[in-house]
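Student: Have a look at this prediction, sequence included:
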Amino acid sequence: MIRCIAIDDEPLALKQIQSYVEKIPSFQLIKTFTSAINAIQFLNEEEVDLMFVDINMPDLSGMEFVKSLTNPPKVIFTTAYREYAVEGFQVDAADYLVKPISFPVFSKSLEKTKSRYFSETKPIEETESTVKKESDFLFIKTDYKIVRIKFEEIKYIEGMKDYIRIHLVEGKPLMILFSLTKVMDFLPSENFLRVHRSYIVNLNEIVSISRNRIYFEGDVVLPVSDQYKDSFQEFINKHFLK
């Protein structure tokens with residue numbers, strides 16, 4: 001299920017997007033916002049795959065909002081103004097829809113977005129052979145083949161309800177049907193630590209830390225939640241040069 005949010009200062013526009021998404025399989029609208037500012041905290045705490053964002057909004061425009069995010073979900077801009085289209089694709093928008101938006105146009109956009117961004121690997125059902133622990137690497141069964149991944153190749157692991165997405169130092173992420181809690185049992189505790197309900201990080205890949213945020217190469221920033229703050233602080237203290 002592709003988890004979505006919608007941001008628009010017009011309640012009627014949000015209702016239309018909600019009714020459209022409900023008709024399309026594989027997409028779930030989990031939250032709507034009338035202000036981009038209110039969506040920021042939600043994005044820090046919840047897993048979101050796709051955002052529908054209006055551009056012309058008070059306080060903080062949709063374009064400014066997307067540009068302010070370090071590691072944003074995919075974005076489909078929804079606006080009454082065509083002149084922002086070029087700028088929209090400059091921030092790697094998945095699509096740009098001009099209001100009024102008909103359901104056929106909306107449905108086609110989501111079909112294209114799903115095919116382009118959310119079908120790179122096909123998750124499989126969890127079995128005993130899905131993940132195997134062997135010395136300094138794992139075997140991951142994904143996309144009808146078994147892939148060998150060294151621990152040092154993993155940057156971080158992202159939990160997505162029943163799935164996990166393994167983000168690599170190089171290459172495309174790998175996604176399998178597996179729990180974040182269970183995969184932690186296969187990782188060496190001296191190198192990997194859970195820092196959030198949605199993230200396990202490779203401690204060797206951390207570039208810097210600031211205000212409960214972990215920074216990695218490639219402009220990736222992950223939060224440290226209160227639940228895991230003590231264990232992460234213990235790791236910092238152990239390696240801190242005093």
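Tutor: That came through fine. Residues are numbered from 1 along each chain as shown.
Student: Please compute how far the longest helix anywhere in the chain lies from its chain's middle.
Tutor: Looking across the chain with DSSP state H, the single longest helix is helix 103-117. Offset of helix 103-117 from its chain centre (Cα atoms, centre = their mean, to the nearest Å): 18 Å.
Student: tell me which residues in it are buried?
Tutor: For helix 103-117, the buried set under the neighbour-count rule, 16 or more other Cβ atoms under 10 Å, comprises 106, 109-110, 113-114. Quick note: C-beta positions are derived from backbone N, CA and C, even for glycine.
Student: With respect to Ile206, which of these is nearest?
Tutor: Minimum distance to Ile206 across these is 31.6 Å, recorded for Thr113 (Cβ to Cβ).
Student: gap between the closest one and Gln18?
Tutor: Separation of Thr113 from Gln18 (Cβ to Cβ, to the nearest Å): 17 Å.
Student: Equivalent analysis for Ser109, please.
Tutor: Per Cβ to Cβ, Ser109 is found 16 Å from Gln18.
Student: What about Ser102, how many residues nearby?
Tutor: Ser102 has 10 neighbours, counted by other Cβ atoms under 10 Å.
Student: For this protein, name the helix or strand with the lowest mean pLDDT.
Tutor: Least confident helix or strand, the chain: strand 131-134 with a mean of 51, by mean pLDDT, DSSP states H and E.
Student: so where do the helices sit in the chain?
Tutor: So, for the chain - with DSSP H - the helices run 11-22, 36-45, 62-68, 85-90, 103-117, 180-183, 229-239.
Student: Let's have those helices in JSON lines, adding distance to Tyr163 and mean pLDDT.
Tutor: Converted to JSON lines, the helices of the chain look like this (distance: least, Cβ to Cβ, whole Å; pLDDT from 0 to 100):
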{"stretch": "helix 11-22", "distance to Tyr163": "20", "mean pLDDT": "95"}
{"stretch": "helix 36-45", "distance to Tyr163": "18", "mean pLDDT": "87"}
{"stretch": "helix 62-68", "distance to Tyr163": "25", "mean pLDDT": "86"}
{"stretch": "helix 85-90", "distance to Tyr163": "29", "mean pLDDT": "58"}
{"stretch": "helix 103-117", "distance to Tyr163": "15", "mean pLDDT": "91"}
{"stretch": "helix 180-183", "distance to Tyr163": "9", "mean pLDDT": "87"}
{"stretch": "helix 229-239", "distance to Tyr163": "24", "mean pLDDT": "89"}
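Student: which intervals of this structure have sub-threshold pLDDT?
Tutor: Applying pLDDT under 70 to the chain flags residues 83-90, 119-135, 142-144, 242.
Student: and if we set it to 80?
Tutor: By pLDDT under 80, the low-scoring segments of the chain are 58-60, 70-71, 81-92, 117, 119-135, 141-146, 161-162, 241-242.
Student: Out of the helices of the chain, the one nearest Lys145 is which?
Tutor: helix 180-183 (18.8 Å).
Student: Next, the buried residues of the closest one.
Tutor: Buried positions in helix 180-183, judged by neighbour count with 16+ other Cβ under 10 Å: 180, 183.
Student: Check stretch 148-163 too.
Tutor: Using 16+ other Cβ under 10 Å as the test for burial, stretch 148-163 gives 149, 151, 153-160, 163.
Student: now the end-to-end length of that stretch.
Tutor: Using Cα to Cα, to the nearest Å, the end-to-end distance of stretch 148-163 comes out at 19 Å.
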